[in-house]
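> Sequence first, then the predicted structure:
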Amino acid sequence: MSPAPSMDLPRSQAGSSSQHLLTTLLGDYWIGRTEHLPSAALVALLGEFDIGPTAARAALNRLARRGVVVPSKVGRNSYYGLAPGTSDMLLAGGYRFISFGQENESWDGQWTIAMFTLSERERELRYSVYSRLRWLGFAPLYDGTWVSARPVAEQARQEFDELGLGEVTIFRAVEHTPSARRPIDAWDLDEIAARYTEFVTAYEPLRTQIRDGHVGASQALLSRTHIMDSWRSFPGIDPDLPSNLLPSRWPRREAYELFVEVYDLLGSLAAIRVRQIVERYSPDLAELIEYNTTDDLLELGRQALERRRVPHQVETAGKAPSLNATA
């Protein structure tokens with residue numbers, strides 16, 4: 001699902017930006033809450049990740065301008081809370097990367113092909129187009145021709161429509177005669193497999209520490225946030241291809257099980273650390289800090305996707321089909 005026009009979520013990137021990090025923390029421990037947290041508590045929370053007060057306050061201000069959080073004041077004290085719609089947007093996105101790779105539907109052999117042209121005046125849309133297509137499992141086979149093994153023609157059409165791109169053709173097709181460059185060649189599977197192996201190598205020692213009971217609350221908060229940030233990058237690089245197109249011993253399952261175990265087991269300890277920080281500024285609000293397991297987030301994400309789907313269905317009901325894209 002795409003962000004609402006009035007809300008501009010910060011991009012996920014290596015070495016998380018302070019804005020992206022704060023959005024992640026609010027999503028992990030304050031999701032669904034309408035109360036506002038003291039800005040001093042949020043600044044202190046970012047301080048756990050070595051982000052200084054000046055950078056932390058700048059992140060809050062920028063998130064407010066983006067419409068992700070809303071500010072309020074009580075006397076001379078500043079507070080911030082999640083803007084209406086932010087929780088559902090974060091939950092819907094969370095469902096995407098937590099459920100990623102787990103829905104093993106049989107493949108009908110059809111590829112979704114999106115062909116489009118970006119004019120010179122539309123070059124600023126390039127990042128948005130590419131990132132949304134990759135989110136749907138597309139990769140570029142040729143310039144302006146992207147392919148996905150998923151049945152996502154309708155979702156791709158919606159993305160192009162929201163971005164205002166006109167020169168678009170979308171269809172589903174079967175590969176008949178193997179060519180010198182096949183649809184599967186749009187991805188570097190060896191590189192993707194190497195990324196999973198790196199993930200397992202990086203976090204396996206942490207799992208051992210957790211099982212041995214050698215992780216404290218402060219480390220739990222840092223490590224839980226880092227592993228979530230690491231895992232959420234995979235839907236952007238792994239197209240979630242059908243199993244019969246993948247090499248044997250594909251390492252995604254091992255990486256996913258490691259992610260789930262570490263993330264879930266660290267939840268209670270990490271929430272303790274967040275409560276300790278918030279309690280310095282508001283004991284009452286500290287009691288509201290909660291955490292969710294991956295199973296919790298999957299269920300909450302399904303509900304959020306349904307809530308976001310209903311308004312779109314109402315908005316598009318009765319409209320004629322788009323002539324610039326076919327599903």
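The structure has been received and is ready for your questions.
> Which elements pack onto the helix or strand containing residue 198?
Counting by DSSP states H and E, the element that carries residue 198 is helix 189-211. Counting contacts by 3 or more Cβ pairs under 8 Å, 6 or more residues apart in numbering; DSSP states H and E, helix 189-211 packs against helix 217-231, helix 252-265. Yep, even glycine has a C-beta here, placed from its N, CA and C like the rest.
> what stretches of this protein score poorly on pLDDT?
The chain contains residues with pLDDT under 70 at 1-16, 103-105, 310-327.
> hang on, the earlier thing: could the helices and strands packed on helix 189-211 be laid out in CSV, adding mean neighbour count and distance to residue 77?
Formatted as CSV, these follow (neighbours: other Cβ atoms under 10 Å; distance: least, Cβ to Cβ, whole Å):
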stretch, mean neighbour count, distance to residue 77
helix 217-231, 19, 24
helix 252-265, 19, 33
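> which one of those lies closest to residue 238?
Closest to residue 238 of those is helix 252-265 (Cβ to Cβ; 6.7 Å).
> Please report phi then psi for the spatially most central residue of the chain.
The centroid of the chain falls nearest to residue 93 when counting by Cα atoms, centre = their mean (4.5 Å). The phi/psi pair for residue 93 (degrees, to the nearest 10) reads phi -70, psi -40.
> any idea how far residue 213 is from it?
Distance of residue 93 to residue 213, computed by Cβ to Cβ, to the nearest Å: 33 Å.
> same question, residue 264
Taking Cβ to Cβ, one finds residue 264 at 16 Å from residue 213.
> How about residue 83?
39 Å.
> So for those two, which sits in the more crowded spot?
Higher neighbour count among residue 83 and residue 213: residue 83, with 18 against 7, using other Cβ atoms under 10 Å.
> Leaving out sequence neighbours, find the closest residue to that one.
residue 70 (4.9 Å; Cβ to Cβ, 6 or more residues apart in numbering).
> what's next to the host helix or strand of the one you found, contact-wise?
Assessed by DSSP H and E, residue 70 sits inside strand 69-74. Contacts to strand 69-74, defined as Cβ atoms under 8 Å, 6 or more residues apart in numbering, come from residues 26, 36, 39, 60, 63-64, 78-83, 86.
> and the residue nearest to residue 83, what are its bridge partners?
Bridge pairing for residue 70 (DSSP bridges) gives the partners residue 81.
> Only the buried residues of the helix or strand hosting residue 273, if you could.
Using DSSP H and E, residue 273 falls within helix 267-279. Neighbour counts over helix 267-279 (16 or more other Cβ atoms under 10 Å) mark 267, 269, 270, 271, 272, 273, 274, 275, 277, 278 as buried.
> how many other residues sit next to residue 206?
Neighbours of residue 206 under the rule other Cβ under 10 Å: 22.
> swap in the one 3 residues further on?
Using other Cβ under 10 Å, residue 209 has 14 other residues around it.
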